[in-house]
Each structure stands twice: as structure tokens, then as C-alpha cells.
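Engineer: after the sequence you'll find the predicted model.
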Amino acid sequence: MAGMDEKLKAVLQGYANFLREKKLALLKHRSHLVRWVREFVVFAEKHRDCTFEPNLGLVPERTGGTSRCQGVAN
């Protein structure tokens with residue numbers, strides 16, 4: 001998992017640099033965009049064996065919903 005953490009950290013730093021260099025986001029918004037991308041990548045990794053269609057109603061745990069996907073033990 002440590003390898004994943006380092007790789008994710010490098011990708012997110014590259015994303016932050018991209019936003020800055022291309023002036024795609026205000027400074028005050030960049031940290032939020034990077035955090036949202038990190039949350040998405042972690043969520044996607046956790047549910048990588050899920051298929052899309054059965055999980056359209058999937059709600060992240062932090063909103064009080066379920067994070068279980070069909071066919072994959074959580």
C-alpha cells in the first residue's frame with residue numbers, strides 16, 4: 001500500500017502543477033480540486049471490481065449511505 005500512496009502522491013502533485021501551469025483553477029480552488037481527485041481515485045481503487053450499471057445509486061460512506069457494490073465484499 002505504501003507504493004500506492006507514493007504513486008498517488010506523485011500523480012496528485014503533477015495534477016496540482018498542471019492546474020497551476022495552465023491556469024485552470026484559482027489558487028484558493030486548487031487544493032479542493034486535488035482533494036476531490038484523490039477521493040475519487042481512492043474510491044475507484046476500492047471499488048475497482050465493481051461494474052458501473054448496478055452501482056448507479058452508490059453513495060459514499062461519508063454521506064451516511066452505503067459503499068457496497070454488487071459482487072464485491074467490502
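Structural biologist: In hand now; what should we look at?
Engineer: for the rest of this, base every contact and every neighbour count on C-alpha atoms.
Structural biologist: Noted.
Engineer: before we move on, what SS does A25 have?
Structural biologist: At A25, secondary structure determined by DSSP: H, G, I helix; E, B strand; the rest coil is coil.
Engineer: my read: it touches L19, true?
Structural biologist: Yes: look at A25 against L19 with CA atoms under 8 Å: they come within range, at 5.9 Å.
Engineer: so between these two, which is more surrounded?
Structural biologist: Regarding A25 and L19, a neighbour count based on other CA atoms under 10 Å identifies L19 as having more, with 18 against 15.
Engineer: got any ranges where the protein has weak pLDDT?
Structural biologist: Per-residue confidence for the chain (pLDDT under 70) gives these ranges: 1-2, 52-74.
Engineer: ok, 90 please
Structural biologist: Of all residues in the chain, those with pLDDT under 90 make up the ranges 1-5, 40, 42-74.
Engineer: what segments of it are helices?
Structural biologist: With DSSP state H applied, the chain shows helices at 2-21, 27-46, listed in chain order.
Engineer: ok, residues contacting the first one?
Structural biologist: This points to helix 2-21. The contact list for helix 2-21, computed with CA atoms under 8 Å, 6 or more residues apart in numbering, reads 25, 27, 30-31, 34, 37-38.
Engineer: TSV for those, including distance to M4?
Structural biologist: Output for these, formatted as TSV (distance: CA to CA, whole Å):
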residue	distance to M4
A25	26
L27	27
R30	22
S31	20
V34	17
V37	15
R38	12
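Engineer: just to revisit the earlier point, which neighbours do A25 and L19 share?
Structural biologist: Shared contacts of A25 and L19, counting by CA under 8 Å, 6+ apart, come down to nothing at all.
Engineer: what's the most distant pair in the contacts of helix 2-21?
Structural biologist: L27 and R38 (17.5 Å; CA to CA).
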